[in-house]
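Undergrad: model the following, please.
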Amino acid sequence: MDYFQLLCGIATLFLAVYYYYTSTYSFWKRLDIPGPKPTLFFGNFLDIVAKKLSIADYIKKWYSHYKNEPLFGMYAGTSPLLFVNDLDMIKSVLIKDFALFADRGLTVFEKIEPLSQNLFMLEAEKWRPLRAKLSPVFTSGKLKDMFPLIADCARNLETYLDKLVERGEPVNCRDMAGKYTTDAIGTCAFGLEINSLGNENCEFRKISTRMFQPSLKQAIRDVCREFTPSLYKLIGPYLQLKEIDDFYINLFTSTMRYREENNVFRPDFVHLLMQLKKQQNKFDNIELTDLLLTAQATVFFIGGFETSSSTMAHALYELAQNQEVQDKLREEIRNVYSKNNGALTYADIKGMKYLDKVFKESLRKYPVLPMLSRQALENYTFAGTKFSIPAGTKLSIPVYGIHTDPDIYPEPEKFDPERFEEDAVAARHPMSYLAFGDGPRNCVGARFAHYQSKVGLATILGNYKVDVCEKTTIPFETDKSVPFLTVKGGVHLKISRA
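TA: Here you go, the predicted structure:
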């Protein structure tokens, strides 16, 4: 009898679990939205968890499969996730009906991840006032004031390159670009002389790099965070890289404290954060603690150096394989240099049309974030369709799929800056290029990223030539171990004087 009761209990538990998953995984079928069949527990993301595919390649795969459908549904674990393919629908989500999709749908674990309370992840209620106050640091006037500081970092980059060229060895361009962008954003936004280009043992660079180095601990954390959030609340504190959080918290809080105590003024990001703290009474729903302000500084810093360094490396990777494009770009850069006695100005970078096309084509082929996330705040019906979704539904916009769609960009694997001629851009749907997102919740630091990257590329290509070498990964193979789009093993190229 005891065995019979045990078997009944096991059978009941099995049926309960089976019912839970089958009812959960019928969500898209009930809404008449197509999608691939999920597996238990992992939903449709087992290939990503098992590192069989990168997120970018996975998105491209399913976008291509369902590209003739305006929408398709998947499951991240047991959570329904709606992919929006139709460009007009994407425009509604990002711009037209933005107020209904202002959240990214990302979970913030404040106690476990103190720096997750940042502008990228915060829910709309806290995001709106912070975004409005932080945006002024990225105006054209502020960027123009920062330009001489970026130029100084570019000169340091040139000195660094001279040493690399003398060695005659393949150069890890992603690491080189990362050192430059780390120094540039450090001095421009935070008044910090990091000098990672001149100091191979720079602690700042080591800490920043470590954040993106894959590890078993991080893999467990990511899986647990995504698929078992209740469990994550219990064991999450033991899965954090506490020394990294402590480093940034100590760095930025001590910087703000030093400026307050010594009456130091510098028109940069730190100063803006300090001013916000003094305006606490204007933020009724937010307590502007030092920790919250540090989270904004940290996400801007990390996002700034990582996105720009990846884009620079990918641009160099393509230019090394397309020498005619590289020569044409170098000619433009040298013409500008010759007019200013070997110097660059803010206006020069803004006026370099071909450099802008190369930059945009690099981000077209290699968008840093392969998808954008949003969440419906209310029940919503897409205009002119039968498709309705309930409040709380999470949405994903398959950026990498769109950017590599041959119906939008013919021969998408070809690196062709002429895609960004004015007439060609005007002929495409405005939502066909989403390297920095679009709408009110686009990347707040996009302008800074543009100028920082372009100055770095102009410095490199005005004086040096990049070529493929025995260590160059060709064809491009995505790194399956990281969430953003990058080449496996890094971008290794030969650099010589032009």
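
Undergrad: for the protein, give me the ranges with low pLDDT.
TA: Where the chain drops to pLDDT under 70, the residues are 1-23, 280-284.

Undergrad: what segments of it are strands?
TA: With DSSP state E applied, the chain shows strands at 71-76, 79-84, 171-172, 372-375, 380-381, 388-389, 394-397, 464-467, 492-497, listed in chain order.

Undergrad: tell me how far D356 lies from M312.
TA: To M312, D356 is 14 Å away according to Cβ to Cβ, to the nearest Å. In this view, the C-beta of every residue, glycine as well, is placed from N, C-alpha and C.

Undergrad: quick one on the thing from earlier: may I see the strands of the chain organised as a markdown table, with distance to F420 and mean neighbour count added?
TA: Formatted as a markdown table, the strands of the chain follow (distance: least, Cβ to Cβ, whole Å; neighbours: other Cβ atoms under 10 Å):
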| stretch | distance to F420 | mean neighbour count |
| --- | --- | --- |
| strand 71-76 | 29 | 21 |
| strand 79-84 | 24 | 22 |
| strand 171-172 | 27 | 20 |
| strand 372-375 | 20 | 21 |
| strand 380-381 | 33 | 14 |
| strand 388-389 | 34 | 18 |
| strand 394-397 | 20 | 21 |
| strand 464-467 | 21 | 20 |
| strand 492-497 | 23 | 18 |
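
Undergrad: could these be laid out in TSV, adding distance to W62?
TA: Converted to TSV, those look like this (distance: least, Cβ to Cβ, whole Å):
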stretch	distance to W62
strand 71-76	7
strand 79-84	7
strand 171-172	32
strand 372-375	15
strand 380-381	22
strand 388-389	18
strand 394-397	10
strand 464-467	34
strand 492-497	31
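
Undergrad: and of those, who's closest to R221?
TA: Proximity to R221 (Cβ to Cβ) singles out strand 71-76 among the strands of the chain, at 15.8 Å.

Undergrad: if we can go back for a sec, neighbour count winner among D356 and M312?
TA: More neighbours surround M312 than the other of D356 and M312, with 26 against 16 (other Cβ atoms under 10 Å).

Undergrad: that one and E324: what is the separation?
TA: For M312 relative to E324 (Cβ to Cβ), the value is 20 Å.

Undergrad: try E332
TA: Taken as Cβ to Cβ, the span from E332 to E324 is 13 Å.

Undergrad: the two: who's more crowded?
TA: E332 (18 against 8).

Undergrad: what's the longest helix in the chain?
TA: helix 290-321 (DSSP state H).

Undergrad: ok, now how distant is the residue nearest to L272 when sequence neighbours are not counted from W28?
TA: Spatial nearest neighbour of L272, excluding adjacent residues (Cβ to Cβ, 6 or more residues apart in numbering): V137 at 5.1 Å. V137 is 42 Å from W28, where distance means Cβ to Cβ.

Undergrad: L149 is nearest to which of the strands of the chain?
TA: Here strand 464-467 is closest among the strands of the chain (Cβ to Cβ), at 22.5 Å.

Undergrad: helices or strands up against that closest one?
TA: For strand 464-467, the elements it packs on are helix 290-321, helix 323-339, strand 492-497, judged by 3 or more Cβ pairs under 8 Å, 6 or more residues apart in numbering; DSSP states H and E.

Undergrad: which elements pack onto the shortest one?
TA: Strand 492-497 is packed against helix 140-167, strand 171-172, helix 290-321, strand 464-467, with contacts defined by 3+ Cβ pairs under 8 Å, 6+ apart.

Undergrad: S64 is nearest to which of the ones you listed?
TA: So among the helices and strands packed on strand 492-497, helix 290-321 is nearest, using Cβ to Cβ, at 21.4 Å.

Undergrad: now that closest one: buried residues?
TA: By neighbour count on 16 or more other Cβ atoms under 10 Å, the buried set for helix 290-321 is 291-321.

Undergrad: figure out how far stretch 370-386 is from the centre of its chain.
TA: Computed by Cα atoms, centre = their mean, to the nearest Å, the separation of stretch 370-386 from the middle of its chain amounts to 21 Å.
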